[in-house]
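1. show me how the following folds:
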Amino acid sequence: MAVYKKGIQETFYISHGSPTISIDDSLPAHPFLKSLCQKILSEKPKGILVILGHCETSEPSVNAISGPIETIYDFYGFPDKMYRLKYLAPGLPELAYRVKQLLFNFGFEMVHVDKERGLDHGA
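-> Residues are numbered from 1 along each chain as shown. Here you go, the predicted structure:
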């Protein structure tokens with residue numbers, strides 16, 4: 001299991017806003033988000049925790065996939081370019097299981113481990 005430094009290193013809340021933000025250079029947030037990591041992080045993070053409200057589950061769920069995670073395209077009527085975007089995140093199951101343990105520690109009685117669900121397009 002990976003060793004994590006104590007405390008939170010970097011925390012950001014970033015809404016994906018308009019789904020076309022990833023392909024529309026005219027939106028002010030596009031270049032900002034595109035350059036964000038280079039501007040604020042001194043090194044590539046080992047993992048990124050994404051918290052979504054899109055999944056309807058009866059209990060919290062953590063995604064514990066190792067290897068490239070497919071993108072979920074759960075939207076319709078957008079330019080074709082939107083459906084070709086890929087962010088093949090490598091996955092970090094160790095982080096998922098750490099989050100599961102933290103949720104248990106804070107009183108959640110059930111935490112589902114999902115080894116199949118893809119990554120939301122907003123991530």
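
2. ok, how many other residues are close to I48?
-> Counted with other CB atoms under 10 Å, the neighbours of I48 add up to 12. Glycine gets a C-beta too; all of them are placed from N, C-alpha and C.

3. please tell me how far it sits from R98.
-> According to CB to CB, to the nearest Å, I48 stands 13 Å off from R98.

4. and what of D114?
-> 15 Å.

5. the more surrounded of the two?
-> Here D114 and R98 are set side by side on neighbour count (other CB under 10 Å), and the busier one is R98, at 17 against 14.

6. buried set for the helix or strand containing the more buried one?
-> With elements taken from DSSP states H and E, the one containing R98 is helix 93-105. Counting neighbours by 16 or more other CB atoms under 10 Å, one finds that the buried residues in helix 93-105 are P93, E94, L95, A96, Y97, R98, V99, K100, L103.

7. which one of these is nearest H30?
-> When the buried residues of helix 93-105 are compared for distance to H30, the smallest value, 27.8 Å, is given by L95; criterion: CB to CB.

8. and the buried residues of helix 93-105 as CSV, adding distance to Y76 and pLDDT?
-> Shown next, in CSV, are the buried residues of helix 93-105 (distance: CB to CB, whole Å; pLDDT from 0 to 100):
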residue, distance to Y76, pLDDT
P93, 32, 93
E94, 35, 94
L95, 32, 93
A96, 29, 93
Y97, 34, 95
R98, 35, 95
V99, 31, 94
K100, 33, 96
L103, 33, 95
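
9. okay if I get the residues you listed as TSV plus distance to V62?
-> Below are the buried residues of helix 93-105 laid out as TSV (distance: CB to CB, whole Å):
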residue	distance to V62
P93	9
E94	11
L95	9
A96	4
Y97	7
R98	9
V99	5
K100	5
L103	8
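
10. name the nearest residue to the residue positioned nearest the centre of the chain, sequence neighbours excluded.
-> For the chain, V50 is the residue whose C-alpha lies nearest the centre (CA atoms, centre = their mean; 3.3 Å). Among residues not flanking V50 along the chain, A123 sits closest, at 4.6 Å (CB to CB, 6 or more residues apart in numbering).
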